[in-house]
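> can't give you the sequence, but here's the structure:
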Ligand SMILES: C[S@@+](CC[C@H](N)C(=O)[O-])C[C@H]1O[C@@H](n2cnc3c(N)ncnc32)[C@H](O)[C@@H]1O
């Protein structure tokens, strides 16, 4: 592909990304993969260059742009050499007209910036759009960090979690034997800290209430060493079904799964009431802390969707609390830096359950925020999270 054709491909794909963000369509990565599946003439260098243009344009535009072309013209403000490629050549973009729309630079839509500003300064907000490294969690059921490092000299030691290794963005770990043999899992170091904050140990009963595909369940399983009861629950059948093969690869046997019926969760969990040493509530959230990995997510969020997510968070907290045994703990986490999903939810929980206590020592990272802690890309080098640990008397 010529450089101009790459720009045109990026514009076409950005059009799709913009439409998908408006209509609840597929993620940018999926759209890019689909696009190149039918364009075999594009080599790996072309794909990389187009991808780089697309993500550069997405990261730069805070508000959802009017079109793919507007998004790319926005990027050209920072990379003026791109303007020369709007040359009207056979596969390239048409020349730029006066007064064409150009996407403005920004961190996020204005309503979101206003809400993020409660907890984050400008630098912390901008870092939400940095490029993320690739973090691994060494699976203690099968390996030690030293063993893995010997086979993976490119990896640096994570500084916050004792199981973490860090690789450069884009490292093809999923094609490695280490991954196929279940010695490592892809997991942000912040997620690893959240699982560690549960203090799961052999012999315990632990419930991962919002387990999804089991990223944190597998970390809990490694802590428990196959002894005790680990129950992974979710309302999403497809996500929960992905846990089985992952657990097998990780050598984590004996994990129970429970598919919950929305609105009837408490009934399905009645036998576990007052039994859990720890309940992890990795609640559904806006994902403002994960924009480094999917920056177009900020064009998808609306105030109404955020309200629905907050209602779900209140609901999963209310489902979780009765499951905790006296003296046990509930660990609440969201990959969001909005106070309304983090600090304020826990303030409301503690007002409703005044005898419960927030634990101050929960992760050796981040900064205090209300009754919990906030992890941020700029300070901790992790995705953004709020986490709190609540002890039942
Ligand atoms: C942030 S994701 C979990 C990610 C997962 N813990 C991990 O580490 O990969 C939140 C999950 O909560 C689930 N969820 C939403 N409402 C729920 C409910 N009422 N009960 C249980 N799970 C729920 C969603 O289906 C979603 O998989």
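Sure, I can see it. Keep in mind it's a predicted model, so treat the numbers as computed, not measured. Residues are numbered from 1 along each chain as shown.
> I figured residue 136 hits residue 188, correct?
No: contact between residue 136 and residue 188 fails when scored by C-beta atoms under 8 Å: they sit 9.9 Å apart. C-beta here means a position set from N, CA and C on the backbone, and glycine is covered the same way.
> quick check: domain ranges of this structure?
3-106, 134-186, 189-391 (automatic domain parsing).
> Of the ones you listed, give the one that comes closest to the ligand.
domain 189-391 (3.0 Å; C-beta to the nearest ligand atom).
> What is the distance between the closest one and the centre of its chain?
Put simply, domain 189-391 sits 13 Å off its chain's centre (C-alpha atoms, centre = their mean, to the nearest Å).
> which parts of the protein sit against the ligand?
191, 209-213, 215-216, 233-236, 239, 260, 262, 265, 282, 284, 312, 315-316 (C-beta under 6 Å from any ligand atom).
> Let's see that with 5 Å instead.
Within the chain, the positions adjacent to the ligand are 210, 212, 215-216, 234-236, 239, 282, 284 by C-beta under 5 Å from any ligand atom.
> if you look at these, which of them are in strands?
234, 282 (DSSP state E).
> Residue 333: which of the residues of the chain next to the ligand is nearest?
residue 282 (5.1 Å; C-beta to C-beta).
> Tell me which residues touch that closest one, please.
Applying C-beta atoms under 8 Å, 6 or more residues apart in numbering, we find residue 282 in contact with 194, 208-212, 216, 333-334.
> Enumerate the beta-bridge partners assigned to it.
residue 333 (DSSP bridges).
> tell me which element residue 327 is part of?
Element membership for residue 327 (DSSP states H and E) is strand 324-334.
> Could you name the helices and strands sitting against the one helix or strand residue 374 maps to?
Applying DSSP H and E as the criterion places residue 374 in strand 372-375. Based on contacts counted as 3 or more C-beta pairs under 8 Å, 6 or more residues apart in numbering; DSSP states H and E, the elements that strand 372-375 packs against are strand 367-369, strand 385-391.
> So for it, mean pLDDT?
For strand 372-375, the mean pLDDT works out to 97.
> Can you show me the strands along the stretch 1-150 of the chain?
Assigned strands in the stretch 1-150 of the chain, in chain order: 134-138 (criterion: DSSP state E, counting those that start in this stretch).
> Repeat that for the stretch 201-350 of the chain.
Using DSSP E, counting those that start in this stretch, strands in the stretch 201-350 of the chain cover 205-208, 229-234, 256-259, 276-282, 324-334.
> can you put those in a markdown table and add mean pLDDT?
Converted to a markdown table, those look like this (pLDDT from 0 to 100):
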| stretch | mean pLDDT |
| --- | --- |
| strand 205-208 | 98 |
| strand 229-234 | 98 |
| strand 256-259 | 98 |
| strand 276-282 | 98 |
| strand 324-334 | 98 |
